[in-house]
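one predicted model, sequence on top.
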Amino acid sequence: MCFSATTSFISAGLLLTAGTYGAYKAQKNNVRFLPLLTIPLFFGIQQFFEGMVWIDLMNQQQDLAQLFAYLYLFFAFFFWPFYIPLSVCLVERKPSNKKILQALLLIGALLGFLLYSSVFFNIFPLHTTIFQHSIRYQVDLPFLLNDFGMYMYCIIIVFSLGLSSLKSARWFAALVFVGIFVSLYFYYYTFTSVWCFFSAVVSLFTFKIAYNLPKRIRN
């Protein structure tokens, strides 16, 4: 994200710690919450990859920077559009909401596959640079994948969290929406990097869910 490699690595450490705690609580109390409570864990891994992008770009090691950029974009493009609705769906109790989440999951998986495969297979080349104190992942995607795809991506993430019966998840959705607006308005050219960082920090809300998670009643 913006600022420096140090920012990415510090945030990665905090997120990995929160995600590990969430995984422990889910395994101990209710395994259905495991995907939701490990969101910070995966954001932590993603932030670590971006820290490596920073280091390699500053050291002019473009090949290594490109490798870690692909790893970073695996999460940004492919992973989050299906993992977020999946994690919410697994803990949702309302049947009507679950059906909507299942549909969002399928749409997100398809969108994520189209986005990431187009970059990974070099259909649309990736150019990774430092731009105004942030990492810019420049991919000249066609309209359907760029503008329309971006709006669909944001709708899938925010709407999935907003559908949750968990109050903390709905707060998560509201703050992610604010992060999207701020990133688009102030950091348009580095949106992928900045928005993922904001979302990563906001994902620490899952720590509250983990802390308050009641023990599962075993049959």
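Alright, I've got the coordinates. The shown structure was predicted, so the numbers you read here are calculated from the model rather than taken from an experiment.

CA atoms for contacts and neighbours, from now on please.
OK.

list phi and psi for residue 129.
Per-residue torsions, residue 129: phi -140, psi 170 (degrees, to the nearest 10).

residues in contact with it?
By Cα atoms under 8 Å, 6 or more residues apart in numbering, residue 129 lies in contact with 57, 135, 136, 137.

avg pLDDT for the strand or helix carrying the first one?
I take that to be residue 57. Assigned by DSSP states H and E, residue 57 falls within helix 39-58. Average pLDDT, helix 39-58: 94.

report the buried residues of stretch 143-159.
Using 16 or more other Cα atoms under 10 Å as the test for burial, stretch 143-159 gives 145, 149, 150, 152, 153, 155, 156, 157, 158, 159.

and the closest residue to residue 57 other than its chain neighbours, how far from residue 54?
Spatially, and ignoring its direct neighbours in sequence, residue 57 is nearest to residue 65 (5.8 Å; Cα to Cα, 6 or more residues apart in numbering). With distances taken as Cα to Cα, to the nearest Å, residue 65 is found 8 Å from residue 54.

which one's more surrounded, these two?
residue 54 (27 against 24; other Cα atoms under 10 Å).

residue contacts, that one?
For residue 54, counting by Cα under 8 Å, 6+ apart, the contacting residues are 4, 5, 65, 130, 135.

try 7 Å
4, 5 (Cα atoms under 7 Å, 6 or more residues apart in numbering).

please, where are all the strands along the protein?
Remark: strands assigned in the chain by DSSP state E are 126-131, 134-139.

list the buried residues for the first one?
The neighbour-count check on strand 126-131 (16+ other Cα under 10 Å) flags 126, 128, 129, 130 as buried.

restricting to C-alpha, output that strand in PDB.
Extracted as PDB, the C-alpha positions of strand 126-131 are listed here (Å, rounded to 0.1, in the frame of the first residue of the first chain):
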ATOM      1  CA  LEU A 126       0.800  -6.200 -15.800                       C
ATOM      2  CA  HIS A 127       3.100  -3.200 -15.200                       C
ATOM      3  CA  THR A 128       4.000  -2.700 -11.500                       C
ATOM      4  CA  THR A 129       5.500   0.700 -10.500                       C
ATOM      5  CA  ILE A 130       5.700   3.000  -7.500                       C
ATOM      6  CA  PHE A 131       3.400   6.000  -8.100                       C
END
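
quick check: angle from it to strand 134-139?
Interaxial angle, strand 126-131 versus strand 134-139 (axes from the mean of the first three to the mean of the last three Cα atoms, to 10 degrees): 160 degrees.
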